[in-house]
Each structure stands twice: as structure tokens, then as C-alpha cells.
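Trainee: Pasted the sequence and its predicted model underneath.
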Amino acid sequence: MINSTHRFTASITLLVAASLVSFTTNAQIPLKAPKKANKDGLYYYIGSVTVSGNAEFTHPEDDITPCFLCFHADSASSKLIPRVKSDGREGNAWFTFSNGEFKNNTYRLLDMSINTKKCYDPLPMTVQINNYRADLAETETIDDARLVKVIKKGNLKEVKCTENF
């Protein structure tokens, strides 16, 4: 027969174990820069991280910028995305989201649907990303990351498109 002390101890043990499982499944593993490039010349990071900054949208007439939606990390968040030793780029990290989808002049990314023929102000966001991939080729390339979830975002504000973008 189990007395009440043993039941109480067993209950506490189960609660602690359940809490640890919950903590470990929700915990983020900081991004870790690889020591060398993969066979394809790209650097694949391990881990996930939450970063803040602005999503900036390319002007519809801009055919130079390599991404429609570029995420520019703020100074504090940029430090969470370590640079590989051979990365000579300066300034804050910026990247595009690898899981965005274009269809019928619309860019879809999780709960966002953006008309690619319109112009928008930068959108403040806090997002969780993983699968960060750095491309250090000296061409028009850009880093990318998979958007896991949007934690916080401002309001998407359409602005008048100008020819001087």
C-alpha cells in the first residue's frame, strides 16, 4: 500500500519531468556557424534563434535587389547570427526567407500575403528562424533562413510607389 507521502513524491517527480520535457522542446539552440563550407559552397548553420528587425520589400520596378522581402536584423539580433571566419561583410545581418512562395503577383509567407506589384514601408518584426544558410560567393547572392514563426509584427502599410527607389 502506497502512503500519501510516496504519492506526493511521485506526483512532484512527474511534474518536474514533464516541465523538463516541455522546456527542452521549446528551447532554442543558438545558431552555430560552421567551420567550413559544404560541397555546394554554402555555409549551413545549426540551431534556431529569435531575431528582431525590419522586413523590407523590394520596389516592383527594382530588378537589382536579390530578394522581394529582405529581413534586416537590428544590431542586437545581428550578433545572434555569427559570421564564419572568411565572411568579410560588414554591418548587420540581412537575409531572405527560404519558405516564402510567389504565386499570381502575391508573396505568401506563413500568415502574410503581400501584393508584389505594390510598395510598402519596412515592417518591424520579431521572428524565429532556423536553417540559416550563408552564401559568401562574390556575386548577387543572399543568405537565407527558414521562418519558423512570427512572434511579433507591426502593421503592413502600403505606400505610394516612386520612380526613385
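Mentor: That came through, no problem.
Trainee: only C-alpha atoms for contact and neighbour calcs from this point on.
Mentor: Fine.
Trainee: The residue most central in space within the chain: what's it in contact with?
Mentor: Among the residues of the chain, the smallest C-alpha distance to the mean C-alpha position (C-alpha atoms, centre = their mean) belongs to I129, namely 3.2 Å. Residues near I129 by C-alpha atoms under 8 Å, 6 or more residues apart in numbering: 48-51, 145-149.
Trainee: Double-check that it belongs to a strand.
Mentor: Yes: note on I129: a strand contains this position according to DSSP: H, G, I helix; E, B strand; the rest coil.
Trainee: For beta bridges, what are the partners of it?
Mentor: With beta bridges defined as DSSP bridges, I129 has these partners: V49, L147.
Trainee: Read off the pLDDT value for it.
Mentor: I129 is assigned a predicted lDDT (pLDDT) of 95.
Trainee: try E138
Mentor: The model's pLDDT for E138 equals 72.
Trainee: cool, S4 as well?
Mentor: What the model reports for S4 is a pLDDT of 47.
Trainee: repeat for I64
Mentor: Model confidence at I64, given as pLDDT, is 67.
Trainee: give me the low-pLDDT residue ranges for this protein?
Mentor: Within the chain, the segments meeting pLDDT under 70 span 1-29, 60, 64-66, 163-165.
Trainee: what ranges do the strands span in it?
Mentor: Listed in chain order, the strands of the chain (DSSP state E) span 42-44, 48-57, 69-73, 94-97, 101-103, 106-109, 112-115, 119-120, 123-135, 144-153, 158-159.
Trainee: that older thread, and the residue nearest to the centre of the chain, how far from R108?
Mentor: 16 Å (C-alpha to C-alpha, to the nearest Å).
Trainee: distance between the ends of stretch 53-71?
Mentor: 7 Å.
Trainee: If you tally nearby residues, what's the number for the nearest residue to S113 once chain neighbours are set aside?
Mentor: Counting by C-alpha to C-alpha, 6 or more residues apart in numbering, S113 lies nearest to Y107, which is 5.7 Å off, once chain neighbours are set aside. Close neighbours of Y107, defined as other C-alpha atoms under 10 Å, add up to 16.
Trainee: can you tell me how far K79 sits from D40?
Mentor: According to C-alpha to C-alpha, K79 stands 26 Å off from D40.
Trainee: and the two? which has more neighbours close in?
Mentor: For K79 and D40, the more surrounded residue by other C-alpha under 10 Å is K79, and the numbers stand at 13 against 7.
Trainee: Lovely, talk soon.
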